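Asker: Model the structure of this input:
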Amino acid sequence: MVYYIGIRRETKPGERRIPLVPKDVKKLKEEHAIQTIIQPDEERAFSDEEFQEAGAIIKEDLSDCPVIFGIKEMDLDFFKPKKAYVCFHHVIKGQKSNMPMLKQMMDVGSTMIDYEKVVDENNRRLIFFGRHAGYAGMVDTLYGFGKRLLKEEGLKTFFADIKQAKDYFDLAEAKESIKDVAERIKEDGLPAELCPLICGFIGYGNVSQGAQTIFDLLPHKEIDPSELAAIVENPDPDCNKYLYKVVFKEWHLVEPKDPDHKFQLQDYYDHPEKYKPIFAQYLPNLTIIVNGTYWNSRYPRSITKEDLKELYCEDNPRLRIIGDISCDVLGGCEATICISYLDNPFYVYDPFEDTKTDGVKGKGPVILAIDHLPTEIPRDSSAFFSNTLLPYVPDIAKADYQGSFENSSLPEVIKNAVILWHGKFTPSYEYLQKYL
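Answerer: Model (predicted):
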């Protein structure tokens, strides 16, 4: 028996990633009798010809496929009854912009499976893009930093020679560009007015680690947050030959409201209302901030609008740019008032007017807030993602989507990621009803 799966053409501007790469499509066909039908797409990182050589069928019509895979949210007119759609749907936080899609899938009677909720017993994602958002986000942050210095301050630096991640052929080429900047910093040094140049990373998970991998190509010293103020007040004489790196963990971001209580990580996860934010104390000493941590509305924000308003009341604050790789609008970094785009990656947040100006010039920090950064390095990120998805595809492809949820034969790890079954919420996701 042959099983069919579909791969849709992505419709979000600039999105070039694919959930399964050609070598894995070939493996599914040869080892599991799973035939992939893929919509044609001239923009995709892997060509139609590469997929045909791997045994895929290139066809617009996916009606033979009971389950269809994608990357980003799908168009409202794409859904059919009793078919399953697997992608990053971005609805589990009740995201307002995607409620029409959720409602449409309910009205049509479709099944929704979300990569984001395929997790292990410790709630760690099993299907993911790994560090690729961090890789691209750090390259873009350094690119934006160079542009800010040049266009707002008239300061030509080596960072101005870094390109946006999407303009490199692949991640390897981007890394070589950063290494070239590193050598020039070692030889010629940084401008005195930038020193000490300190980059702060909020979070230490996959996204942050990816960003740090790129940053670590530059000459640097890693310091503890407790050392920040002293380093700024009494900089090392040779600090123009390197940057500083500081990583902020949960206990640097918040403290218990009750002074008699000590910080406990699990208690913070379980009862964030018992904690208050303290990250603002570090803002005056940071040149670059990279936000790579998960956030939802239960938790205090790391950076508030009021924090930035106070910071920019001072003359010439050190902070130039915030690379918000996590990209939660009005989230952990409240200055992320909207997303930015591949062809317009930066805006300046004005903390006094609570407005944005596209580009890198203006009063306030530059914000990078692209919500699909891995697509800037699409071949590398697609290959990694496909490798994490591949083990689950046979069970997803061979499940029964016509009968009941209980008798679908989906393994438990995938059942936990089913948000809708035939247009009805599964028990774990009934809370989303309140957002409709």
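Asker: how about the helices in the stretch 101-250 of the chain?
Answerer: In the stretch 101-250 of the chain, the segments counted as helices under DSSP state H, counting those that start in this stretch are 132-153, 171-188, 206-215, 228-233, 250-253.
Asker: which residues are contacting stretch 158-167?
Answerer: For stretch 158-167, contacts defined as CB atoms under 8 Å, 6 or more residues apart in numbering pick out 14, 135-136, 139-140, 142-143, 145-147, 149-150, 174, 177-178, 180-181, 184-185, 188, 342, 345, 373, 375-377. Just so you know, the C-beta spots here come from the backbone N, C-alpha and C atoms, and that holds for glycine as well.
Asker: Quickly list the domain ranges of the protein.
Answerer: Listed by automatic domain parsing, the domain ranges of the chain are 3-117+381-422, 132-376.
Asker: can you give me the end-to-end distance of the longest one?
Answerer: Terminal residues of domain 132-376 are spaced 9 Å apart (CA to CA, to the nearest Å).
Asker: now that domain, how far from the chain's geometric center?
Answerer: Relative to the centre of its chain, domain 132-376 is centred 14 Å away, using CA atoms, centre = their mean, to the nearest Å.
Asker: Quick check: I322 is in a strand.
Answerer: Yes: using DSSP: H, G, I helix; E, B strand; the rest coil, the assignment for I322 is a strand.
Asker: got a list of what it touches?
Answerer: Counting by CB under 8 Å, 6+ apart, the residues that I322 touches are 288-291, 303, 333, 335-336, 365-368.
Asker: give the contact list for the nearest residue to it once chain neighbours are set aside.
Answerer: Excluding the flanking residues, the one nearest I322 by CB to CB, 6 or more residues apart in numbering is I289, at 4.7 Å. Residues near I289 by CB under 8 Å, 6+ apart: 199-200, 202, 303, 319, 321-323, 333, 365.
Asker: Ok, G130 next?
Answerer: G130 touches 206, 210, 381, 384-385, 388, counting by CB under 8 Å, 6+ apart.
Asker: how close does the residue nearest to G323 when sequence neighbours are not counted get to D400?
Answerer: Once flanking residues are discounted, G323 sits nearest to T141: 3.3 Å by CB to CB, 6+ apart. Between T141 and D400 the distance is 46 Å, computed by CB to CB, to the nearest Å.
Asker: which of the two has more neighbours?
Answerer: Taking neighbours as other CB atoms under 10 Å, T141 and D400 compare with T141 leading, 30 against 11.
Asker: Hmm, I321 and that one touching each other?
Answerer: Yes: contact criterion CB atoms under 8 Å: T141 and I321 qualify, at 6.1 Å.
Asker: what do those two both touch?
Answerer: With contacts defined as CB under 8 Å, 6+ apart, the residues adjacent to both T141 and I321 are 288, 368.
Asker: Now do G14, the pLDDT please.
Answerer: We have a pLDDT of 88 for G14.
Asker: That one - nearest residue in space that isn't next to it in sequence?
Answerer: Per CB to CB, 6+ apart, closest to G14 is L342, 3.9 Å.
Asker: where does the chain dip in pLDDT?
Answerer: The chain contains no residues with pLDDT under 70.
Asker: and which of the contacts of I289 is nearest to K424?
Answerer: Nearest to K424 among these is C333, at 35.9 Å by CB to CB.
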